[in-house]
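In: Next one to model:
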Amino acid sequence: MAKVKSIFLCQDCGYESPKWMGKCPGCHAWNTMVEETIRPEKNIRGLSSGGDKNVKQKPQSIADVKSEQEPRIPTNYQEFNRVLGGGIVPGSMVLVGGDPGIGKSTLLLQTSAQLAKKGERVLYISGEESVKQTKLRADRLEIDAKDLFVLAETDLELIEQAMSDVMPSVMIIDSIQTVYRAEVTSAPGSVSQVRECTSHLMRMAKTKGIAVFIVGHVTKEGNIAGPRLLEHMVDAVLYFEGERHHTFRILRAVKNRFGSTNEIGVFEMKEVGLEEVLNPSEIFLEERSKGAAGSTVVASLEGTRPMLVELQALISPTSFGNPRRMATGIDHNRVSLLMAVLEKRVGLLLQNQDAYLNVAGGVRLDEPAIDLAVAISIASSFRDSPTKPTDVMIGEIGLTGEVRRVSRIEQRVHEAAKLGFTRAIIPDKNIGGWTVPKGIQVVGVSTVYEALQAALGG
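Out: Numbering: from 1, shown residues only. Purely as a prediction, here's the structure:
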């Protein structure tokens, strides 16, 4: 009989220790070490291509390995296909995370119904809802597909048996924190259960060619709950983001072995479920106030898609010694840096001003090409001088006040011209070498001072 041993596992990062500690050495969190009993399994093998332990794999030259195009299962959501890299890859495992109530189950249930109507057999495993509750949600979403099978189960062995009976091409586990394996004595949702169940599901997905989507809970910080090992095991990690009180949702890939990690998909939550937004730029700009000081438009690039978003800034005097710097949708440290550049290189006295910045629509922008729009919006609010509503700003700003070159400028300007903008203020180094679309004027600037003169007239 195998010897039973007891270890202490951190519930945040999965750090193992033979004794209890108040502070985890791995993630430095307090009171996260929980005692768990481990029974070693007898026949634990690595996952090989043939599944036979007697077959010895020999190293091959990469030039001799035949490259095969992975077949993909496309969905009716173009946004979902873009984030996945072109569709669902058979045998892949995708982890979907997001805040409670954001729409993860709705997205996966609607996608399952679309695949079932196209002839794919889909198995939807719900560990948090009964079959009747899932049916009620399906009725609300107007879903009725014969090849969509629903099961309310949390035992991994019974899930595997149901998978063998149905033989689906796509399986959804909602959620992985509710699934347990009887051989592991710890409670469902613990580090050992999540790690063991995910590993077993991954072996089933690879050996049987079934695409598996697993839903993961998130922590208060917005990260997927459980050990970081969970994200390393799967093939793709998708985050479903957005404000619960807004209708827009953004599906973002932070890891993808079959596509780019810079792609995003934009959806809108309606009464009948989620609908994809094929032109997010037009949606994000439809409520823009024309002639308001502190409002600018930037052409940001998310993966291969240019997207026009409104940036808003509010600069107001403060009577306190330390002015506030608040930013929503962009890095507040970057805002402080750009305000220091404006004060040093342009002469704007901002050290006694509170600064509040917001990206309209709940989008998060991380690329440096938005620097010029941020600086102009700050200067516009500080001087109470509005920019032209048909101007778009693109450019990165350095610490010496120079406006630096950005990538894929042609795509950004073409998107602005398509939405009716008549002037684009861009880095001088990006001028030339590409075709300027009709109806839009391109103005090249080399410094922040020149950009403020072009946008605000001085």
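In: Show me where the stretch 351-458 of the chain has its helices.
Out: 371-383, 409-418, 448-456 (DSSP state H, counting those that start in this stretch).
In: Now render these as TSV, adding mean pLDDT, distance to Trp434 and mean neighbour count.
Out: Any C-beta I mention is one placed from the backbone N, CA and C, and that applies to glycine too. Listed next are the helices of the stretch 351-458 of the chain as TSV, based on pLDDT from 0 to 100; distance: least, Cβ to Cβ, whole Å; neighbours: other Cβ atoms under 10 Å:
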stretch	mean pLDDT	distance to Trp434	mean neighbour count
helix 371-383	96	19	25
helix 409-418	93	4	20
helix 448-456	95	20	20
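In: can you put those helices in CSV and add distance to Asn76?
Out: CSV is the format used below for the helices of the stretch 351-458 of the chain (distance: least, Cβ to Cβ, whole Å):
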stretch, distance to Asn76
helix 371-383, 35
helix 409-418, 25
helix 448-456, 42
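In: out of the ones you listed, nearest to Gly91?
Out: helix 409-418 (33.6 Å; Cβ to Cβ).
In: Keeping just the C-alphas, turn that closest one into CSV.
Out: Extracted in CSV, the C-alpha atoms of helix 409-418 (Å, rounded to 0.1, in the frame of the first residue of the first chain):
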residue,chain,number,x,y,z
ILE,A,409,0.8,53.7,-39.5
GLU,A,410,-0.9,53.1,-42.9
GLN,A,411,-3.6,50.8,-41.3
ARG,A,412,-4.3,53.3,-38.5
VAL,A,413,-4.7,56.3,-41.0
HIS,A,414,-6.9,54.2,-43.3
GLU,A,415,-9.2,53.4,-40.4
ALA,A,416,-9.4,57.1,-39.4
ALA,A,417,-10.2,58.0,-43.0
LYS,A,418,-12.9,55.4,-43.2
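In: among the helices of the stretch 351-458 of the chain, which is nearest Leu349?
Out: So among the helices of the stretch 351-458 of the chain, helix 371-383 is nearest, using Cβ to Cβ, at 8.6 Å.
In: For the closest one, list the C-alpha coordinates in PDB.
Out: What follows is helix 371-383, C-alpha atoms only, in PDB (Å, rounded to 0.1, in the frame of the first residue of the first chain):
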ATOM      1  CA  ASP A 371       1.200  58.900 -25.900                       C
ATOM      2  CA  LEU A 372       0.700  61.800 -28.200                       C
ATOM      3  CA  ALA A 373      -3.100  61.700 -27.800                       C
ATOM      4  CA  VAL A 374      -2.700  61.500 -24.000                       C
ATOM      5  CA  ALA A 375      -0.400  64.600 -24.000                       C
ATOM      6  CA  ILE A 376      -2.700  66.600 -26.300                       C
ATOM      7  CA  SER A 377      -5.800  65.800 -24.200                       C
ATOM      8  CA  ILE A 378      -4.000  66.900 -21.000                       C
ATOM      9  CA  ALA A 379      -2.900  70.200 -22.600                       C
ATOM     10  CA  SER A 380      -6.300  70.700 -24.100                       C
ATOM     11  CA  SER A 381      -8.000  70.400 -20.700                       C
ATOM     12  CA  PHE A 382      -5.400  72.500 -19.000                       C
ATOM     13  CA  ARG A 383      -5.700  75.300 -21.500                       C
END
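In: what's in contact with it?
Out: 293-298, 311-315, 330, 334-335, 338-339, 341-342, 346, 348, 350, 353, 355, 357, 385-387, 393-397, 403, 425, 448, 451-452, 455-456 (Cβ atoms under 8 Å, 6 or more residues apart in numbering).
In: how big is the angle separating it from helix 448-456?
Out: Using axes from the mean of the first three to the mean of the last three Cα atoms, to 10 degrees, the direction of helix 371-383 lies 70 degrees away from that of helix 448-456.
In: Averaged pLDDT, stretch 90-99. What do you get?
Out: Average pLDDT, stretch 90-99: 92.
In: End to end on it, go ahead and measure it.
Out: End-to-end span of stretch 90-99 (Cα to Cα, to the nearest Å): 27 Å.
In: what do you get for stretch 170-180?
Out: Stretch 170-180 end-to-end distance (Cα to Cα) = 20 Å.
In: same question, stretch 399-411
Out: 27 Å.
In: Can you give me the domain boundaries for this structure?
Out: 5-38, 78-278, 283-456 (automatic domain parsing).
In: what would these look like in a markdown table with distance to Arg72?
Out: Converted to a markdown table, the domains of the chain look like this (distance: least, Cβ to Cβ, whole Å):
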| stretch | distance to Arg72 |
| --- | --- |
| domain 5-38 | 32 |
| domain 78-278 | 3 |
| domain 283-456 | 17 |
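In: looking at the chain, which helix or strand does the model trust least?
Out: Lowest on mean pLDDT, DSSP states H and E among the helices and strands of the chain sits strand 33-38, with a mean of 77.
In: which helices and strands does it pack with?
Out: strand 5-10, helix 191-208 (3 or more Cβ pairs under 8 Å, 6 or more residues apart in numbering; DSSP states H and E).
In: one more time with 10 Å, if that's ok
Out: strand 5-10, strand 16-17, helix 191-208 (3 or more Cβ pairs under 10 Å, 6 or more residues apart in numbering; DSSP states H and E).
In: ok so, going back, least reliable of the domains of the chain by average pLDDT, please.
Out: Averaging pLDDT over each of the domains of the chain puts domain 5-38 lowest, since it has a mean of 83.
In: rewinding a little: tell me which of the helices of the stretch 351-458 of the chain sits nearest to Lys146.
Out: helix 409-418 (41.7 Å).
In: still on that earlier bit, mark which of the contacts of helix 371-383 are buried, thanks.
Out: Neighbour counting with 16 or more other Cβ atoms under 10 Å marks 293-298, 311-315, 330, 334-335, 338-339, 341-342, 346, 348, 350, 353, 355, 357, 386-387, 393-397, 403, 425, 448, 451-452, 455-456 as buried within the contacts of helix 371-383.
In: quick one: contacts for the residue nearest to Ile250 when sequence neighbours are not counted?
Out: Spatial nearest neighbour of Ile250, chain neighbours left out: Glu241 (4.7 Å); criterion: Cβ to Cβ, 6 or more residues apart in numbering. Counting by Cβ atoms under 10 Å, 6 or more residues apart in numbering, Glu241 touches 97-99, 102, 222, 248-252, 264, 362-364.
In: Just read off the phi/psi values of the closest residue to Cys27 other than its chain neighbours.
Out: Once flanking residues are discounted, Cys27 sits nearest to Cys13: 4.0 Å by Cβ to Cβ, 6+ apart. With angles defined as degrees, to the nearest 10, Cys13 sits at phi -120, psi -10.
In: Cys13: how many residues sit nearby?
Out: 18 (other Cβ atoms under 10 Å).
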